[in-house]
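# here's my sequence, what's the structure:
(chains A and B)
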Amino acid sequence: GAVVSQHPSWVICKSGTSVKIECRSLDFQATTMFWYRQFPKQSLMLMATSNEGSKATYEQGVEKDKFLINHASLTLSTLTVTSAHPEDSSFYICSAESGEQETQYFGPGTRLLVL
Amino acid sequence: DAKTTQPTSMDCAEGRAANLPCNHSTISGNEYVYWYRQIHSQGPQYIIHGLKNNETNEMASLIITEDRKSSTLILPHATLRDTAVYYCIEGWAGGTSYGKLTFGQGTILTVHP
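I've put the predicted structure just below:
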């Protein structure tokens, strides 16, 4: 199957700093990528849809100025959590859509802990 | 909100078939049924998807009822490593992206020795 990577796999930062998470599709091109967030014992919640070369589409309740998304190429999307606070601590997961295989493939996730 | 309903949890003995049901009574004609699983602290893993016909791959089989209102994921010989949360999701497929996936709570499958 298709492979999606995320970097870093985990990050600890101080409150008020910004954190960038990368999502890469390694063996296919993805016009569209998605960013999800998962809190403990909860399901995945879609945060935003990232389209290559255009602005991301955010889900209701997700602050676009806080969660900056850039999809500069067909294999890379980045999520930047700006001015992170402890309540932003979560498991962030990206996925990349393979049009050829008609499905999304997920990255391994990035665990963020804001102190 | 997720549009599918699944049992909260299921148990299965190692080596036996695990049959995971899913109801998707409001699925539209263009929507596929996707199955993913998530092992603790990992990203979801794609298992299988289908539209109308039954599907099989190296991981599992997907049986979709004729009216498409429900489906069953079959893991033919469950192993301890199949213990995970299994998600059944309605979604679009192919072409331009409508590929938003809405995750419900899924079914916690526990495979016992």
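# residues in contact with residue A:3?
A:25-27, A:105 (CB atoms under 8 Å, 6 or more residues apart in numbering or on different chains). Glycine gets a C-beta too; all of them are placed from N, C-alpha and C.
# how about 7 Å then?
A:26-27 (CB atoms under 7 Å, 6 or more residues apart in numbering or on different chains).
# that one and chain B, how far apart?
Here the criterion is CB to the nearest CB, to the nearest Å. By it, residue A:3 lies 11 Å from chain B.
# for residue A:53, same thing?
Residue A:53 is 13 Å from chain B, by CB to the nearest CB.
# where does the closest residue to that residue other than its chain neighbours land in three-state SS?
Distances taken as CB to CB, 6 or more residues apart in numbering or on different chains place residue A:71 nearest to residue A:53, at 7.1 Å, with adjacent residues excluded. What DSSP: H, G, I helix; E, B strand; the rest coil gives for residue A:71 is strand.
# quick one: contacts for residue A:71?
Each residue near residue A:71 by CB under 7 Å, 6+ apart is listed here: A:33, A:50-52, A:77.
# give me that answer again for 6 Å
By CB atoms under 6 Å, 6 or more residues apart in numbering or on different chains, the contact set of residue A:71 is A:50, A:52, A:77.
# name the residue most distant from the centre of chain A?
Residue farthest from the centre of chain A, counting by CA atoms, centre = their mean, is residue A:100 at 21.7 Å.
# name the element it belongs to?
Under DSSP states H and E, no helix or strand contains residue A:100.
# get me the contact residues on chain A for chain B.
Residues of chain A lying near chain B by CB under 6 Å from any CB of the partner chain: A:32, A:43-44, A:93, A:97, A:102-109.
# which stretches of chain A have low pLDDT?
Residue ranges of chain A with pLDDT under 70: A:1.
# in chain A, which strand has the most residues?
strand A:90-98 (DSSP state E).
# burial count for residue A:72?
10 (other CB atoms under 10 Å in any protein chain shown).
# mind checking how far it is from residue B:12?
Going from residue A:72 to residue B:12 by CB to CB, to the nearest Å gives 44 Å.
# and what of residue B:90?
Per CB to CB, residue B:90 is found 25 Å from residue B:12.
# ok, residue B:80 next?
Note on residue B:80: its distance to residue B:12, by CB to CB, is 10 Å.
# of those two, which one has the most company?
residue B:12 (19 against 10).
# partners of that one in the sheet?
Beta bridges link residue B:12 to residue B:111 when assigned by DSSP bridges.
# can you pull the contacts of it?
Residue B:12 makes contacts with B:18, B:78, B:111, as judged by CB under 6 Å, 6+ apart.
# ranges for the strands of chain A?
A:4-7, A:10-13, A:19-25, A:32-38, A:45-51, A:57-58, A:67-73, A:76-81, A:90-98, A:103-106, A:110-114.
# can you give me the angle the fifth one makes with strand A:90-98?
Read it as strand A:45-51. Using axes from the mean of the first three to the mean of the last three CA atoms, to 10 degrees, the inter-axis angle of strand A:45-51 relative to strand A:90-98 is 40 degrees.
# strand A:45-51 pairs with which strands, parallel or anti?
Applying DSSP bridges, one finds strand A:45-51 paired with strand A:32-38 (antiparallel), strand A:57-58 (antiparallel).
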